[in-house]
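Colleague: When you get a sec, could you give me coordinates for this:
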Amino acid sequence: LHLSSHLISASHPTSSPPQAKGAPDFLKEMLAPNSKGATRREFALALAVNHSVLLETVSGRTELCASSPDEQAFVAAGELFGYEYCARDADAGTITIRDKRDGCEYVIELLEVFPYESSRKRMSVVVRLPPDLVAICGGGCPERIYTKGADSVLLTLLAEGSPGSSGAAFEKLNALLYDWADVALRTLVFGKRELRQFGAWHAQYRAAVQSPDEVTKLKSGKPNRITELQTELEAELTLQGATAIEDQLQDGVPEVLADLRSCGIKVWMLTGDKVGTAKNIAAACNILPPTADALEITTETYDALDRVKTADLLDLQERLRAGGAAASAGIIEEWMGRHPDLLQIPKDLQQRREEMAADPGGGTEHCLVIDEKAIELCTTVCPEALRDVGNGCRSVVACRARKDQRRRCSTSSRTASRTHAALASATAPTTWR
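Modeller: Take a look at the predicted model:
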């Protein structure tokens, strides 16, 4: 696990972790009797609290039971930094943390949990800290929200003017996140907020989650009061830090994927990882070989795509649904007229489509790399071109893809041709023929 707290990075694989070159000692800074020490301690506490890990007894030993290795790594890191996750009482709605420095145990109330969703790209817990733990974290309000998620989301939720939210500090964190992604590390950003008006918000939230109508809207993906209130609380955050985890490939994966591709099997890798992380993993897996002619349509290669808001793309889709098929061409033309910088993307996609159609048996190995905004734009504005290019490529890497986008991509692939059959489906990679 690699960790950055207010832009200080270090590696912590052991109980006596070596520090990254030029980085201060995080463990020593945690012990400082000042605000910096309190900030470090609360970041470590957030690692031990903001998760869905359960504890189970196996052969007389207590072990962590996590939905993913990443979650388990965060809890293990929290213990390394001094806060051990000891118990979870679902009935009482509490979690017990032991301070390993002095042996004291603290019972923390879990007031609400906002589970991770690929559409939200974050997870939050709302807690009430006991007085002694509040003091250890530098004082303040006992009710707090701890949020972790993708940097593309969390960094937009930071309070204006808060530490690390702008200027040189913000740029330094962004550079660090990209450095981590370039070596195929999975990154997350952590933030927190003290909830001084918690009572009024909580009353509204409990009423919303107990409303059958609001729950039905939530499950069907429609605008609802539950999501609105969660979003309201997950705002004006203070940056705590960032983490990066190495997700090592299983033995033989690159060789197997190379053999499959040599047999003519096409591979689609649908992942929520950052573009840099996904591309490096794909390269390590032989999904993106160095000799491939890769077309990359992401916010990193098209500045216009970076500038357009996802909300604008979703609004376009809503207008198309309301207008019907007859009005779709006019709606798309009018919307693209307001975003002329985006016109190059469907042009480039159409050009690649024509090149592939003109040389179907050629020796060029085509690959496609797209991200969340590219999927949203292309499936709306030029779905046929995206489908044909995707299915003509030997490999496709979809980065930062939400769950609904992964479903859209896989459905498009399976229904594109009656001569293609899906061989297998997994989170990443997914293989097709």
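Colleague: What segments of the stretch 51-200 of the chain are helices?
Modeller: 69-80, 131-136, 151-154, 167-182, 198-209 (DSSP state H, counting those that start in this stretch).
Colleague: Other residues contacting stretch 91-101?
Modeller: 45, 48-49, 79, 82-89, 104-111, 127, 133, 136 (Cβ atoms under 8 Å, 6 or more residues apart in numbering). For glycine as for every other residue, the C-beta is placed from the backbone atoms N, C-alpha and C.
Colleague: Take those residues and keep only those in strands.
Modeller: Those of the contacts of stretch 91-101 mapping onto strands are 83-89, 105-111, 127, per DSSP state E.
Colleague: Of these, keep whichever come out buried.
Modeller: Buried members of the ones in strands among the contacts of stretch 91-101, counted by 16 or more other Cβ atoms under 10 Å: Tyr83, Glu84, Tyr85, Cys86, Arg88, Tyr106, Val107, Ile108, Leu110, Leu111, Val127.
Colleague: Find the centremost residue of the chain, please.
Modeller: Ala150 (3.8 Å; Cα atoms, centre = their mean).
Colleague: Pull the contacting residues for that one.
Modeller: Lys121, Arg122, Thr187, Leu188, Val189, Gly272, Lys274, Arg400.
Colleague: Swap in 6 Å and give it another go.
Modeller: Applying Cβ atoms under 6 Å, 6 or more residues apart in numbering, we find Ala150 in contact with Lys121.
Colleague: And the one 3 residues further on, by the same measure?
Modeller: Applying Cβ under 6 Å, 6+ apart, one finds that Val153 lies in contact with Lys121, Arg122.
Colleague: Val183 now?
Modeller: With contact set as Cβ under 6 Å, 6+ apart, Val183 has no partners.
Colleague: again, only this time at 10 Å
Modeller: Neighbouring residues of Val183 by Cβ atoms under 10 Å, 6 or more residues apart in numbering: His2, Ala244, Glu246, Gly276, Thr277, Asn280.
Colleague: following the helix or strand Trp268 falls within, which helix or strand comes up?
Modeller: Element membership for Trp268 (DSSP states H and E) is strand 266-270. As assigned by DSSP H and E, the chain's next helix or strand after strand 266-270 is helix 275-284.
Colleague: Which elements pack onto the helix or strand following that next one?
Modeller: With elements assigned by DSSP H and E, the helix or strand that comes after helix 275-284 is strand 293-297. Where contact means 3 or more Cβ pairs under 10 Å, 6 or more residues apart in numbering; DSSP states H and E, strand 293-297 is packed against helix 275-284, helix 344-358, strand 366-370, helix 372-381, helix 383-392, strand 395-398.
Colleague: Of those, which is nearest Glu296?
Modeller: strand 366-370 (4.2 Å; Cβ to Cβ).
Colleague: May I see the buried residues of that closest one?
Modeller: Quick answer for strand 366-370 (16+ other Cβ under 10 Å): His366, Cys367, Leu368, Val369, Ile370.
Colleague: among these, which one has the lowest pLDDT?
Modeller: For the buried residues of strand 366-370, the weakest pLDDT value sits at His366, with 90.
Colleague: hang on, that one packs against Ser395?
Modeller: Yes. Counting by Cβ atoms under 10 Å, His366 touches Ser395, with 8.5 Å between them.
Colleague: Overlap in contacts, the two.
Modeller: By Cβ under 10 Å, 6+ apart, His366 and Ser395 have these common neighbours: Ala292, Ala294.
Colleague: related to what we said a few turns ago, turn the buried residues of strand 366-370 into a markdown table, including distance to Gly161.
Modeller: Below are the buried residues of strand 366-370 laid out as a markdown table (distance: Cβ to Cβ, whole Å):
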| residue | distance to Gly161 |
| --- | --- |
| His366 | 47 |
| Cys367 | 43 |
| Leu368 | 41 |
| Val369 | 36 |
| Ile370 | 35 |
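Colleague: What is the nearest of those residues to Asp25?
Modeller: Val369 (38.9 Å).
Colleague: Might one say that that closest one is in contact with Val275?
Modeller: Yes. In this structure, Val369 is within contact of Val275 by Cβ under 10 Å, at 7.4 Å.
Colleague: which residues do those two both contact?
Modeller: Glu296, Thr298, Glu300, Thr301, Val397, Cys399.
Colleague: Which of these has the largest number of neighbours?
Modeller: Highest neighbour count within the shared contacts of Val369 and Val275: Val397, with 31 neighbours (other Cβ atoms under 10 Å).
Colleague: That residue: what's it in contact with?
Modeller: 267-271, 273, 275, 278-279, 281-283, 285, 287-288, 294, 296, 298, 367-371, 428-429.
Colleague: Return the closest of the buried residues of strand 366-370 with respect to Cys409.
Modeller: Nearest member of the buried residues of strand 366-370 to Cys409, counting by Cβ to Cβ, is Ile370, at 8.7 Å.
Colleague: what's across from that closest one in the sheet?
Modeller: With DSSP bridges as the criterion, Ile370 is bridged to Ile297, Ala398.
Colleague: I figured it hits Lys279, correct?
Modeller: No. Applying Cβ under 10 Å as the test, Ile370 and Lys279 come out as separate, 11.4 Å apart.
Colleague: Overlap of the contact sets of those two?
Modeller: By Cβ under 10 Å, 6+ apart, the residues touching both Ile370 and Lys279 are Glu296, Thr298, Val397, Cys399.
Colleague: any chance of these in CSV, plus pLDDT?
Modeller: CSV is the format used below for the shared contacts of Ile370 and Lys279 (pLDDT from 0 to 100):
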residue, pLDDT
Glu296, 96
Thr298, 95
Val397, 94
Cys399, 91
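Colleague: Tabulate those (CSV), appending distance to Glu171.
Modeller: Below are the shared contacts of Ile370 and Lys279 laid out as CSV (distance: Cβ to Cβ, whole Å):
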residue, distance to Glu171
Glu296, 24
Thr298, 20
Val397, 27
Cys399, 22
